[in-house]
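**Student:** The sequence isn't on hand, but the structure is:
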């Protein structure tokens, strides 16, 4: 049975570069035979968080949240694509993630971060690590930072630098290892 790894994009800006990184990640995951649906806040148009999915009476959550909950329950891992806004994660990403909790539990996450500059969004990734751990989807030790994203990836998500597919392979090898290990453990039951 192949893995399911939703790719959660963090930016809703009209000229966002993160879509390049998401397309690249999806392509790399799909080449491995992994189902990698895009979770795009620009398309979802989630309201600012008022109620979490779990706070709705059963069957009364908005359809968009119900669909995401169904996807997240099928997930073996999550891959989060984050920009860096003022050294922090984008507000749309935080809002998208915060609508759920239990659906993330006992599943690893991988963080792809990017920026227009040389640091590749790693300062935001450090905050995102703490957030993902709190949600129950602790991040794997490695990151996949993409500096100078406008030059590293074209609009379709094709790598323009040869280092990037090599780095992605190693990063995804690690994410898959954790996903398979935790899937096996979830099948035996969870601590609580």
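**Tutor:** On my side now, so go ahead. Quantities reported herein were computed from a predicted structural model and do not represent experimental measurements. Numbers count the residues shown, from 1 in each chain.

**Student:** CA only for contacts and neighbour counts going forward, please
**Tutor:** OK.

**Student:** OK, contacts around residue 172?
**Tutor:** Shown in contact with residue 172 (C-alpha atoms under 8 Å, 6 or more residues apart in numbering): residue 29.

**Student:** Checking my notes, it in a strand, right?
**Tutor:** No - assigned with DSSP: H, G, I helix; E, B strand; the rest coil, residue 172 falls outside any strand and is helix.

**Student:** Can you tell me how far it is from residue 66?
**Tutor:** 28 Å (C-alpha to C-alpha, to the nearest Å).

**Student:** Likewise for residue 135?
**Tutor:** Distance from residue 135 to residue 66, counting by C-alpha to C-alpha: 18 Å.

**Student:** quick one, which of the two is more surrounded?
**Tutor:** Counted by other C-alpha atoms under 10 Å, residue 135 and residue 66 do not tie: residue 135 has more neighbours, with 18 against 15.

**Student:** Contact partners for that one?
**Tutor:** For residue 135, the contact set (C-alpha under 8 Å, 6+ apart) comprises 101-102, 104-105.

**Student:** so of these, which ones are in strands?
**Tutor:** Judged by DSSP state E, the subset of the contacts of residue 135 located in strands is empty.

**Student:** Using ChimeraX, make a named selection holding only the buried ones among those residues.
**Tutor:** In ChimeraX, selecting the buried portion of these, with burial taken from 16 or more other C-alpha atoms under 10 Å, looks like this:
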select :101,104,105
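
**Student:** Serialize the contacts of residue 135 to CSV and add fields for pLDDT and distance to residue 189.
**Tutor:** Shown next, in CSV, are those (pLDDT from 0 to 100; distance: C-alpha to C-alpha, whole Å):
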residue, pLDDT, distance to residue 189
101, 97, 18
102, 96, 14
104, 98, 15
105, 97, 12
